[in-house]
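my questions are about this predicted structure, shown below with the sequence.
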Amino acid sequence: MKPRIVLVEDDDRLRTLVTDFLQEAHYDVTSLEEGSDLVPLVSQHPPELIILDIMLPGLDGFGLCRQLRQFYRGPLLFMTARGDDLDHVMGLEIGADDYITKPVEPRVLLARVQALLRRVGSPPTLAHDSPARLQFGSLVIDKPARSVKLANSPIKLTSHEFDMLWLLACHAGDVVDRNTIYERIIGREYDGLDRSADVRISRLRKKLEDDPGNPFRIKTIWGKGFFFVAEAWD
């Protein structure tokens with residue numbers, strides 16, 4: 001069965017080009033000119049991936065992303081002409097999994113799509129004997145169910161946020177370097193400038209009641225990577 005992608009793009013020519021290209025790559029693509037039908041469509045028939053423009057008539061892509069993240073946990077990719085770093089960071093902070101700037105090279109778009117879908121289809125593991133369930137004090141991470149509870153309260157995470165947490169938790173007590181995170185979670189090499197991992201860590205901290213100003217549960221080790229503190233969840 002072909003993975004289903006929903007594309008929202010108001011430029012007729014680009015929408016047709018992207019749709020045709022992805023269909024040739026064996027994806028089932030539903031394309032929309034504006035976002036008014038997106039939320040009900042996704043709520044009734046969740047796709048494997050959403051590609052979303054930001055500058056749309058009516059509610060823009062940021063607003064749509066916020067609505068979708070109330071219930072949709074699958075990967076979401078912003079494809080937009082807005083290349084400002086602040087827009088990029090904002091997109092990631094409100095729940096996007098990746099951000100690509102127009103004009104888009106089709107093969108680059110396809111690589112991003114494939115990387116996002118691999119993260120969903122094959123969540124990263126670090127060892128052959130990696131457990132299916134991890135518990136650190138009040139934090140419980142269930143890999144088969146892809147669920148997280150903190151103090152018995154469910155924590156809603158996107159697919160990439162869950163994979164990031166699982167990766168760090170499997171390496172509890174060790175520093176996970178940025179290269180590993182980018183290769184396993186984001187699906188591309190770390191270029192030394194990309195802030196995607198930092199934004200995802202920031203979102204995780206907020207959801208897991210970590211202090212953003214002085215994090216004690218997921219620490220940043222400057223120049224190296226991130227450190228999951230196993231003893232910080234009591």
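Looks like it came in fine. Nothing here was measured: the structure is a model prediction, and the numbers come from that model.

could you use CA atoms for every contact and neighbour count after this?
OK.

could you check the pLDDT of the most centrally placed residue in the chain?
For the chain, the residue sitting closest to the mean C-alpha position, by Cα atoms, centre = their mean, is D97 at 2.8 Å. The score at D97 is 88. That number is its pLDDT.

how about the contacts made by it?
P75, L76, L77, L116, H160 (Cα atoms under 8 Å, 6 or more residues apart in numbering).

switch to 6 Å and redo it
P75, L76, L77 (Cα atoms under 6 Å, 6 or more residues apart in numbering).

highest neighbour count among those residues?
Counting neighbours by other Cα atoms under 10 Å, L76 leads the contacts of D97 with 28 neighbours.

and that residue, its phi and psi?
phi -130, psi 130 (degrees, to the nearest 10).

now the longest helix anywhere in the chain: mean pLDDT?
Secondary structure of the chain per DSSP state H: the longest helix is helix 106-121. Averaged across helix 106-121, pLDDT comes to 84.

state the next helix or strand along the chain beyond it.
Downstream of helix 106-121, the first helix or strand assigned by DSSP states H and E is strand 133-136.

quick one: strands adjacent to the next helix or strand after that next one?
Using DSSP H and E, the next helix or strand after strand 133-136 towards the C-terminus is strand 139-142. Paired strands of strand 139-142, with direction, are strand 133-136 (antiparallel), strand 147-150 (antiparallel) (DSSP bridges).

can you verify V176 is assigned to a helix?
No. V176 is assigned strand when assessed by DSSP: H, G, I helix; E, B strand; the rest coil, not a helix.
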